[in-house]
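Colleague: output the structure for:
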Amino acid sequence: MDNAEASPTKPKKRPREKLNATIHVLHDNPEKTPPLIGYFPSGFDPLRGGSTEPGVGVYRHSSRKWPNRLQLVVRPPESNVAFVGSSFSGEPNASQSCTYALGVLDKESQTLKIVPVACNKMFRLEPRVGSDFADKEHSELVRGELSAKEKADKVRELNLLFGTKRSVTQDKKMQSLRQEDDPNSQEDLDRKIKEVAINKEALESTGSHTARNIPPYNSSATVPKDAYPIEKIILKGEWDYIRDILQLLEAGEKVSPDAYPTFVCNRIHKMGETQDEMGKETLGCIFSYINHLIKFKDQHSADGASSAKNHRTPSILRQKFSTMFTNAESKWLPSEKIDLLISYVLVLTLFADDFRTDPTDIAKDLRMSSVTIRQHFEHLGCKFKREKNVLYANLSVPLKFPELRKRRRR
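Modeller: As a prediction, the model looks like this:
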């Protein structure tokens, strides 16, 4: 046989038509209804039945409580089957990690219009047979939404399945902190408490901290960093939630004076000058902790509530601060708790400035006079020394505190 006859001729590919189109992106307009998109997972083609187009209807919840609940119904002509999709059940309830857009190409005008589509405007059209589907869907439409706990559980399940290792670890930490007490765990906890040996020296030390109203300290420390152990101020499980400044700098963004105290903004350059990565992370976390403490004080004070209104404190810190500083009887912090919070802030400023700090910036952030802030530093065991017309607070070891004045009873 001839080679030409043996090899079949390959069909020629049709040349692709190229079109230079102008792209227009249409943004959301509250005065106009956004597009609704429905898709058929069953493979149904609404235009296959003939020239007659199927009927399409959109239903909105009549209650003011759920005005965004929509239902899309497609009825093919001369059929007892209707395809129904809703914005409140099924896929819309799942966690949405994708964004969608609808593109319309007009070849005559050579324009491509792109419209963003919200996740709850994507309808999965499922077939419903018979005339009773409307009653069934109406009951689902009126039914209440999933509770916050159920939604949180669904998001957590998806995170455990598809989340990153870091997000899964953080979720497990938060779950352990929010774990509710049950009889079995309470019995196990009581049993463990009985087995714990009581450290009398630690109890006496805790009593002295309470009496002086300052953070935990070590009066026999020989170096300043051991005088107030940082691990007793910032606990081990809290470091992962105070990395906001590190993330800002890694993204190349600047620290805003509207969101962070003057003390932090004037010392943020130290993180760029630090060569040690561990030291850089520690300094960034200390700056963030100072910010959360000051914002917590402002949120519970009459003179600073407006400035910290939009600040978000991690829940692990908010619970800790509420336990340490707040009083159930009043919204505002009592004076002795304010003094304790200020002591925590000042100790962290000493860590940030290598235990020799100029108190001017932190006094401004705490809305305190230079005289009052000096008394607080002295109460922590600091001594003041003037250098080049600047008064510095130096933490010297071993710690020597001023004598506590006891009030006489009348």
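Colleague: distance-wise, check the nearest residue to Pro46 once chain neighbours are set aside relative to Val25.
Modeller: Spatial nearest neighbour of Pro46, excluding adjacent residues (Cβ to Cβ, 6 or more residues apart in numbering): Pro54 at 4.8 Å. Yep, even glycine has a C-beta here, placed from its N, CA and C like the rest. Pro54 is 30 Å from Val25, where distance means Cβ to Cβ, to the nearest Å.
Colleague: and if you look at Arg212?
Modeller: 62 Å.
Colleague: compare these two (neighbour count), which wins?
Modeller: Arg212 (17 against 11; other Cβ atoms under 10 Å).
Colleague: test my guess that that one contacts His379.
Modeller: Yes: in terms of Cβ atoms under 8 Å, Arg212 counts as a neighbour of His379; the distance is 7.3 Å.
Colleague: what residues do those two have in common as contacts?
Modeller: Counting by Cβ atoms under 8 Å, 6 or more residues apart in numbering, the common neighbours of Arg212 and His379 are Phe401.
Colleague: low-confidence stretches in this protein?
Modeller: The model of the chain has pLDDT under 70 over residues 1-13, 49-51, 63-65, 90-97, 119-120, 130-149, 176-211, 404-410.
Colleague: show me where the stretch 151-300 of the chain has its helices.
Modeller: Along the stretch 151-300 of the chain, counting by DSSP state H, counting those that start in this stretch, helices occupy 165-177, 183-195, 200-212, 224-227, 244-250, 262-265, 269-273, 277-299.
Colleague: rewinding a little: and the residue nearest to Pro46, what does it touch?
Modeller: Contacts for Pro54 (Cβ under 8 Å, 6+ apart) come out as 46, 74-77.
Colleague: export the strand or helix carrying Ser322 as PDB, just CAs?
Modeller: Per DSSP states H and E: Ser322 is located in helix 315-325. Extracted in PDB, the C-alpha atoms of helix 315-325 (Å, rounded to 0.1, in the frame of the first residue of the first chain):
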ATOM      1  CA  SER A 315      -9.400  36.700  73.100                       C
ATOM      2  CA  ILE A 316      -6.700  34.900  75.100                       C
ATOM      3  CA  LEU A 317      -5.300  38.300  76.300                       C
ATOM      4  CA  ARG A 318      -8.800  39.900  76.800                       C
ATOM      5  CA  GLN A 319      -9.800  37.100  79.200                       C
ATOM      6  CA  LYS A 320      -6.500  37.300  81.100                       C
ATOM      7  CA  PHE A 321      -6.700  41.100  81.400                       C
ATOM      8  CA  SER A 322     -10.400  40.900  82.500                       C
ATOM      9  CA  THR A 323      -9.400  38.500  85.200                       C
ATOM     10  CA  MET A 324      -6.400  40.500  86.400                       C
ATOM     11  CA  PHE A 325      -7.600  44.100  86.200                       C
END
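Colleague: gap between Ala118 and Asp28?
Modeller: Using Cβ to Cβ, which is the criterion applied here, Ala118 is 8 Å from Asp28.
Colleague: neighbour count winner among the two?
Modeller: For Ala118 versus Asp28, the count of surrounding residues by other Cβ under 10 Å is larger for Ala118: 17 against 9.
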